[in-house]
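Q: sequence and predicted structure, then a few things I'm wondering about:
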Amino acid sequence: MNVAVKIINKQRAPKDFLDNFLPRELDILACLNHRNIVKTYEIFETSSGKVYMVMELGVQGTLLEFIEFRGALPPEFCKKLFRQMARAIKFIHDQDIVHRDIKCENLLLDKDFNLKIADFGFSRRLTDSDGAMELSKTFCGSEGYAAPEVLQGIPYDPKLYDVWSMGIVLFVMAPSNEMATATRSPRPNQILRQTYLCSVQQSELSGWKCFIHATGVTEDYLADTAAVRKMITIQQMLGISRDVR
C-alpha cells in the first residue's frame, strides 16, 4: 500500500504552532473517519522530536494539479467533486470541527478521481469547553480563498469561512481557463472592494453563469456578506445533484 507521510520537526517548529495548532490537528485527525477525507493510518513521535503522520495517498494528485493538467472540468464531474466536498464538510461541521483552509491544493483525488479533503493544520473545534460557539480571530488559510471578513481582520464565523472557500473552489473549476488562472492569482483588495467577480471579463462571466446553471448550484457561496452565506446550508449544497454518489 502506498502512503503519504507528513513529517513535523518539533525542534524547528514555532512555539505557537507547537502549543496550539499541532495539538488541535492531532486531536482532530483522531476523530475523522469519512470516505471523502484523507485517512490517517498512524501517528507517532520519535525520540528526536519528529512527528510522523502516515496518511492515505492521493494518487491522482491535488485538484489544482488536475485542473492545470486537464483544463476546465465538465459540469457533471464538477457536480460530483463539489458534492463530495460538501458531504465531507458537513461531516466535519457536524463533529464541531471547522477546516479553515479549504483550497484546491488541499483537495486530493484518489485512483477513481474521488475527492478527499486533506491538511487539517488550521482546523479547530467550533465551540469552547462550555459549548459556546467561538468566533475565530486568527488569519488562517490562503488569501485567495479567504472570505472578506477574514481579510478585514475582524472576528469571523469559521463555518462561513469554509462555505466561502467552497465557493472559490467551485469558481476555479468553472469552464474558463482565464477565470481559473485569475482565481489562482487572487487580489485580496479586489475581494475587499467587492469587485472579485466583476474583475472578470463579461464574456468569461457569461461562461460562469452557464456553468452555474448547468451544475445547479448558487452563486451565494461567493456572497461578500457573511449573512447571505449563513443562509446557505450544507444540506442545500448536497441537494444540487442527488444522483451523484
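A: Good, I have the coordinates. Numbering: from 1, shown residues only.

Q: tell me the SS of the spatially most central residue of the chain?
A: Computing the C-alpha centroid of the chain and ranking residues by CA atoms, centre = their mean puts residue 102 first, at 1.5 Å. Using DSSP: H, G, I helix; E, B strand; the rest coil, the three-state assignment for residue 102 comes out as coil.

Q: need the contact list for the closest residue to it other than its chain neighbours.
A: With sequence-adjacent residues excluded and distances taken as CB to CB, 6 or more residues apart in numbering, residue 102 is closest to residue 165, at 3.7 Å. C-beta here means a position set from N, CA and C on the backbone, and glycine is covered the same way. Counting by CB atoms under 8 Å, 6 or more residues apart in numbering, residue 165 makes contact with 99, 101-103, 141, 145-147.

Q: wait, a strand at residue 165?
A: No - the assignment for residue 165, made by three-state DSSP, is helix rather than a strand.

Q: just the element for the most far-flung residue of the chain relative to its centre, please.
A: Within the chain, residue 47 marks the point farthest from the mean C-alpha position, 33.6 Å out by CA atoms, centre = their mean. Per DSSP states H and E, residue 47 falls between elements, in no helix or strand.

Q: tell me the pLDDT of it.
A: On pLDDT, residue 47 comes in at 95.

Q: likewise the one 3 residues further on?
A: Looking at residue 50, its pLDDT stands at 97.

Q: for it, which non-adjacent residue is spatially closest?
A: Residue 50 sits nearest to residue 9 (CB to CB, 6+ apart), 5.4 Å away.

Q: now that neighbour: how far from residue 51?
A: 8 Å (CB to CB, to the nearest Å).

Q: ok, those two, which is more surrounded?
A: Using other CB atoms under 10 Å, the more surrounded residue of residue 9 and residue 51 is residue 51, with 18 against 10.

Q: now flag whichever of the contacts of residue 165 is closest to residue 63.
A: residue 103 (8.8 Å; CB to CB).

Q: contacting residues around the nearest residue to the closest one once chain neighbours are set aside?
A: The spatially closest residue to residue 103, leaving aside those adjacent along the chain, is residue 145, at 4.6 Å (CB to CB, 6+ apart). By CB under 8 Å, 6+ apart, the residues touching residue 145 are 101-103, 164-165, 168-169, 186.

Q: show me where the chain has its strands.
A: 3-9, 40-45, 50-56, 97-98, 107-109, 115-117, 124-125 (DSSP state E).

Q: nearest to residue 80, out of those?
A: Nearest to residue 80, of all the strands of the chain, is strand 115-117, at 8.0 Å by CB to CB.

Q: residues contacting the closest one, please?
A: Contacts for strand 115-117 (CB under 8 Å, 6+ apart): 36-38, 56, 58, 63, 80-81, 84-85, 88-89, 92, 99, 102, 106-110.

Q: can you list the domain ranges for this protein.
A: Domains of the chain are assigned by automatic domain parsing as 3-56, 63-238.
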